[in-house]
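Visitor: need a 3D model of the following:
(3 chains)
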Amino acid sequence: MTEPPLLEVSQVARTYSMGGLLSRHRVHAVDGISFELPADRPEILTVIGESGSGKTTLARMILKLVPPTRGTIRLRGTDLSSIRSGRDRLAFMRLVQPIFQNPFQAFNPLKRVDRYLFATARRIAGIRTAQEIEAASDQALSKVGLSLTEVRGRFPHELSGGQLQRVAIARALISSPALIVADEPVSMVDASLRMSIVGLLRNLCDGMGVSILYITHDLATAYSISDRIMIMRRGRVVEAGEARAVLDNPQHPYSILLKAAVLSPEPA
Amino acid sequence: MSPPPSTTAAPVLTVSDLRAYYRTSAFGAEREVKAVDGVSFHVGANEIYGLAGESSCGKTTLIKTIAAATQPPLQVVSGTITFQFRDRRMSITDVDLEGLAAIRWKHLSYIMQGSMNVLNPVRRISHSFVDFAFRHVAKPMPEFLDSVRAHLQRLQLESEILDAYPHQLSGGMRQRVAIALATVCRPEFIIADEPTTALDVIVQKDVLGMIKEVQRALRSSLILVTHDLAVHAHVCDRLGIMYAGRLVEEGRTAEIFGQPRHPYTRHLISSLPRIGHVGSGKGLEGTPPNLAAPPAGCRFHPRCSLAMDICRRQNPPLSELSVGHRVACFAVTPESPT
Amino acid sequence: MLRILRDLFRHNREFAVGVVLLTAVLVVAAMSFVSPYPPNDSFVVPPDLPPSWPHILGTTSRGQDVFWQLTCAIRNTLLFGFTVAILSRIFALAIGLVSGYAGGLIDRALMSINDTFIVIPLFPVLVLFYFVLRDSMSWVLLALVMACLGWAYDARLIRSVAMSLRTREFTETSIFSGMSTRQILLQEHLPYVLPIVFSTTMNNINWSIGLEVTLSVLGFTDINTPTIGVMIYWANQHTAMVAGIWWWIAFPVALVVITFIGLFLLAVSMNEYIDPRSRLSRVAA
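Guide: Residues are numbered from 1 along each chain as shown, chains lettered A, B, ... in the order given. Model (predicted):
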């Protein structure tokens, strides 16, 4: 019996109806997407699209923050819509963790950041004693190049954007998830820090065996870390395949347009 | 690239040893954040000057000060900012509101960060043009609207957008409208703060193209501020790199990218993602300094691999390494310590 | 905490004045415990004396010292006001937070109940309670009834803040950190809701004291326990203004006005301090 794939998305769609009683207007944010992440081989799958392409909606459906209108999403064989009880949800969150776009909004500005690390350790990873919780947090932070002493007791505004995003990644790692969904993790970070953070994601995939769904509009970072790539436009996939192959030689006209628009850091 | 601007013409903007601090005192606690600490540079006519640097390096504060858009707690502590417009010379540091009103929009215009949100959501675009620009133009209304349409046409925007509301346009379109708005009076000096940061890649290219087109048509000077060096590479003639409130390197774009001298600049350039290039850049150790209590001497020394003893004690001056290329680093420009 | 209060006192004039006024009122209320005359007794001193020593605020037509009556009155009034405010805050918070966070059917159900309570006309209902309960009407009962009627408006305010917080990204981070709903509401969302709660508390105290005074002046409460309103009631019964005994009415009114002003100034100054947005801009400067 072969193992079910880590993530199986089948013909998933999400439609929003807008407008009043007399003029309903449907927006197909996601329109029939299917793909899979294999169970045995951790990889980075990048979803590239501009705003309005539906990539964030797709990510939110996989994180179970929004239900799909059509289609199914399965995580290790379990249909996401069948996860109801508190315990099942916690088990789900042990496997899948998010990284959000704006680190300053991902943390409550009035609360200290170590709080979230400890809470994740206690509730999602199920660690009991205070000592072990701190050790687990420190270990996760060291994987992203920080340490608990640097971060303990700090408020979000006391850290820089790059540091805060690293803390967010560390928090996602504490429960050793199988899948991390990273929604534009570096678009709010300075250009000079982006490579180090996406490089971190690559190391996590290779070293810890975490599969990563990397959502972005930045082709350059996608090129350097992805295994496979999916280009979305208006809710549909226009091109997909092995990352270097697609980006070196795009076939679909939209992909060609996208690649041509990327600014290279060479003076004109 | 356009031919280098003539260096013999008088610069349009001269900034000399500018210091601007945020001074806050609330409930008995006083803080002074040295956001801009001794910056000197100049921008010539018909030239695009870029300001690059990480977040909180002081570049936005610097241009707010240049545009005379400072509000308490931001204060200009010392230094001068002088504009040489076609018909007048003006020092921003000691100008009054009337003087500012005379130059704003007509000679100096400022495209702020998040400009796409500057349009009034309940007024049509044409009304925004009237609200912002009409009083600076000594023309009757029909003529003014004609000139607006002509301006839009020149920038390849359809005049139908004048009748639209902001929410009916996409983010990129609104940014283009904001740029058109800022340039409708044909100012001699334009300041653009992160004009393409929130935009998609394809739209970004179009907007940058529009900015270059506008600058070329008006032959005005433009300061472009963004942390994204790829944008600078694409657009600017000269480039200045800021770190912790000071300029650390400045020169022609090709030279900065081809031969970066300052350690920080070299790090910035090598850490840029490129298509076709695999491998993660190594991040710089440490974090930008706290500008309320910056390190003594060179502000970059705690993170610099070339730090020497003198770097901890003295601030390196911005000195000219070759024609038009200035660097502030003791390791690169050996100076006898005075 | 103490340092914050001390800084506020030194730098914020409204806070300082509010604290001074409220302290004065509280001192007066505290003196009720050392009152030489039991509050409910009448004709213990010569009646109708104008302010003079030893009766510094004069005496009433019922032979009571105005000053010592006032101390008891303001104590009871304040107790009443605080009780109503605290009880109704708890209701408003519970319903507002749950409704805002849960959404959907729970939200609809709770808000229907809420809107019913908003629409109920308070004054006639309270008068009705009085007429039904007559002599068994006590202050505790009145406080409970008013608390049950006074939470509806603020619950909606709190709900709107809770709704906006639900869609913030840090709420999602908290969910993925495994925090329970109760934890999220109490620890993550409450600090944002607190400024509203605080300013509406002050409002609520003023409202409940005002309503109590109104009811008492008209005689619809237990007129044997002295409160500010009851004092004015008795003064009216004895036609004090006509008889020229102005001190019986003037001093209670003056004291309750001072209380209102003090509470208001405190609310305004503390609100500026507690509000997360102004706090953030101060801290992140």
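
Visitor: quick one: low-confidence parts of the chain?
Guide: Picked chain A for this. For chain A, the stretches flagged by pLDDT under 70 are A:1, A:19-23, A:268.

Visitor: nope, chain B please
Guide: Using pLDDT under 70, the flagged stretches of chain B are B:1-9, B:26-28, B:116, B:277-285, B:334-338.

Visitor: mind naming the longest helix for it?
Guide: Taking DSSP state H as the criterion, chain B has its longest helix at helix B:201-218.

Visitor: the helix or strand just after it pairs with which strands?
Guide: Counting by DSSP states H and E, the next helix or strand C-terminal to helix B:201-218 is strand B:221-225. Sheet pairing for strand B:221-225, assigned by DSSP bridges, gives strand B:48-52 (parallel), strand B:189-193 (parallel).

Visitor: who's sitting farthest from the centroid in chain C?
Guide: What lies farthest from the middle of chain C is residue C:176; by C-alpha atoms, centre = their mean that is 39.6 Å.

Visitor: my guess is it contacts residue A:99, does it?
Guide: No. Applying C-beta atoms under 8 Å as the test, residue C:176 and residue A:99 come out as separate, 9.9 Å apart. Backbone N, C-alpha and C define where each C-beta goes, glycine included.

Visitor: helix, strand or coil for residue B:31?
Guide: strand (DSSP: H, G, I helix; E, B strand; the rest coil).

Visitor: now it: how far from chain A?
Guide: 14 Å (C-beta to the nearest C-beta, to the nearest Å).

Visitor: can you pull the contacts of that residue?
Guide: By C-beta atoms under 8 Å, 6 or more residues apart in numbering or on different chains, the contact set of residue B:31 is B:22-25, B:292, C:285.

Visitor: beta partners for the spatially most central residue of chain B?
Guide: Among the residues of chain B, the one closest to the centroid is residue B:225, at 3.4 Å (C-alpha atoms, centre = their mean). Going by DSSP bridges, residue B:225 is paired in beta bridges with residue B:51, residue B:193.

Visitor: state the distance from it to residue B:241.
Guide: For residue B:225, the distance to residue B:241 equals 12 Å [C-beta to C-beta, to the nearest Å].

Visitor: go on, residue B:31?
Guide: Taken as C-beta to C-beta, the span from residue B:31 to residue B:241 is 27 Å.

Visitor: now do residue A:125
Guide: For residue A:125 relative to residue B:241 (C-beta to C-beta), the value is 43 Å.

Visitor: check which residues of the longest helix of chain B are buried.
Guide: Residues B:201-208, B:210-212, B:214-215, B:218 are the ones in helix B:201-218 that count as buried (16 or more other C-beta atoms under 10 Å in any protein chain shown).

Visitor: pretty sure residue A:267 is touching residue B:230, no?
Guide: No. The pair residue A:267 / residue B:230 is not scored as a contact, 10.2 Å apart, by C-beta under 8 Å.

Visitor: tally of neighbours for residue C:95?
Guide: Residue C:95 has 22 neighbouring residues, counting by other C-beta atoms under 10 Å in any protein chain shown.

Visitor: how about the nearest residue to it, chain neighbours excluded?
Guide: residue C:155 (4.6 Å; C-beta to C-beta, 6 or more residues apart in numbering or on different chains).

Visitor: now do the buried residues in the helix or strand where that neighbour lies.
Guide: Per DSSP H and E, residue C:155 falls inside helix C:152-166. Neighbour-count burial for helix C:152-166, counted by 16+ other C-beta under 10 Å, picks out C:152-159, C:161-162, C:165-166.

Visitor: so between residue A:125 and residue B:241, which is more surrounded?
Guide: residue B:241 (28 against 19).

Visitor: that one belongs to a helix?
Guide: No. Residue B:241 is assigned strand when assessed by three-state DSSP, not a helix.

Visitor: look up how far residue B:17 lies from residue B:56.
Guide: Applying C-beta to C-beta to residue B:56 and residue B:17 gives a distance of 21 Å.

Visitor: ditto for residue C:163
Guide: In terms of C-beta to C-beta, residue C:163 sits 51 Å off from residue B:17.

Visitor: coming back round to it: show residues contacting the helix holding residue C:155.
Guide: Here helix C:152-166 makes contact (C-beta under 8 Å, 6+ apart) with C:88-89, C:91-93, C:95-97, C:99-101, C:103, C:107, C:111, C:114-115, C:117-118, C:171, C:185, C:188-189, C:192-193, C:196-197, C:200, C:204.
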